[in-house]
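> Predicted model and sequence follow; I will ask about them next.
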Amino acid sequence: MSAVLLRHLPMEAGYSWQGEAGLLARLTSAKLDAATLNHLIGSVQAEYMRLRGPADA
């Protein structure tokens, strides 16, 4: 997983994600630019596909 993504995702024990709004507030306060957000989205998509495995598996 991307080091940038890991740095900005909440990892504290017991953290309540509070849905999309909570994550959006956290990312907004991190002052990430559009290029970094695009990189993070690509990293999440790639990680999801890697964990999901081949379509015919």
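That came through, no problem. Computed from a prediction, not measured in an experiment: that's the story for all the values here.
> For the rest of this, base every contact and every neighbour count on C-alpha atoms.
Noted.
> Just the pLDDT for residue 17.
Turning to residue 17, the model gives it a pLDDT of 60.
> How about residue 30?
83.
> same check, this time on residue 1
pLDDT at residue 1 comes out at 54.
> before we move on, what about the one 5 residues further on?
Taken from the predicted model, the pLDDT recorded for residue 6 is 68.
> Helices of the chain, residue ranges please.
With DSSP state H, the ranges of helices along the chain come out as 3-8, 19-29, 34-52.
> Save the ones you listed as TSV, and put in mean neighbour count too.
What follows is these, written out as TSV (neighbours: other CA atoms under 10 Å):
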stretch	mean neighbour count
helix 3-8	12
helix 19-29	11
helix 34-52	13
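> tell me, which of those helices is the model least confident about?
helix 3-8 (a mean of 69).
> tally of neighbours for residue 30?
Look at residue 30: counted by other CA atoms under 10 Å, it has 11 neighbours.
> Let's test this: what are the backbone torsions at it?
Backbone geometry at residue 30, expressed as degrees, to the nearest 10, gives phi -80, psi -10.
> Quickly note the distance from it to residue 51.
27 Å (CA to CA, to the nearest Å).
> Kindly report the same for residue 33.
Taken as CA to CA, the span from residue 33 to residue 51 is 27 Å.
> likewise residue 21?
For residue 21, the distance to residue 51 - CA to CA - is 26 Å.
> just residue 40 next, same as before
From residue 40 to residue 51 the distance is 16 Å (CA to CA).
> for residue 24, same thing?
When residue 24 is compared with residue 51 (using CA to CA), they lie 24 Å apart.
> what's the answer for residue 37, then?
From residue 37 to residue 51 the distance is 21 Å (CA to CA).
> Check residue 7 too.
Where residue 51 is concerned, residue 7 sits at a distance of 20 Å (CA to CA).
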